[in-house]
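Engineer: model this:
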Amino acid sequence: MANAKTDTVLESGVQLFNEVTETMKTQTRQFWLAGLGVYAKAGKDSMDYFKTLVAEGEVLEKQGKELFSEQAENANEKLAELKSRFEDLTGGRFQQVSKNLEERRADFLSRFGIPKGNEIEALNAKLDEVSKSLKKA
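Structural biologist: Below you'll find the predicted structure:
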């Protein structure tokens, strides 16, 4: 009889242990799956958020470019208007003075052996050709 009670107690203890173990396994798996779900959701949500930020950035960039273009156009119009008014006021003398200054500058630089702008451009073109031929070789 003591053996029967001991066996019953042991069996119920083993059964309880198995139930607790199964419950722990189930809960552990559920926590694991919940963690994976959080990770997946966070990844998906952050990607959606990132895409939203990119779209908003593109809109802002477009607006900025439009605003800049508009302001640059306005500034160019004002400069053209000022230039026209200045030329009208000076009776075309400004262009003549500008031309004379450019001629004097070129003459002064040539006295010291400094090449003119078009000569420098020609030299740059020749250097580009030489560079290209050296790269091919």
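Engineer: Now do stretch 66-79, average pLDDT.
Structural biologist: Mean pLDDT, stretch 66-79: 88.
Engineer: Next: stretch 128-137.
Structural biologist: For stretch 128-137, the per-residue pLDDT averages 85.
Engineer: what does stretch 100-115 give?
Structural biologist: 83.
Engineer: Now do it: everything it contacts.
Structural biologist: Residues from elsewhere that reach stretch 100-115, judged by Cβ atoms under 8 Å, 6 or more residues apart in numbering: Lys116, Leu123. Every residue, glycine included, has its C-beta placed from N, CA and C.
Engineer: and the closest residue in space to Glu87 that isn't next to it in sequence, what element?
Structural biologist: Among residues not flanking Glu87 along the chain, Phe94 sits closest, at 5.8 Å (Cβ to Cβ, 6 or more residues apart in numbering). Secondary structure from DSSP states H and E places Phe94 in helix 93-111.
Engineer: With Gly113 instead?
Structural biologist: Gly113 belongs to no helix or strand, assigned by DSSP H and E.
Engineer: what's the neighbour count on it?
Structural biologist: 6 (other Cβ atoms under 10 Å).
Engineer: still on that earlier bit, next SSE downstream of the helix holding Phe94?
Structural biologist: Assigned by DSSP H and E, the successor of helix 93-111 is helix 117-136.
Engineer: quick check: angle from the lengthiest helix in the chain to helix 93-111?
Structural biologist: The helix that spans the most residues within the chain, counting by DSSP state H, is helix 2-90. Angle, helix 2-90 to helix 93-111, by axes from the mean of the first three to the mean of the last three Cα atoms, to 10 degrees: 100 degrees.
Engineer: Would you mind pulling up the elements that helix 2-90 packs against?
Structural biologist: helix 93-111 (3 or more Cβ pairs under 8 Å, 6 or more residues apart in numbering; DSSP states H and E).
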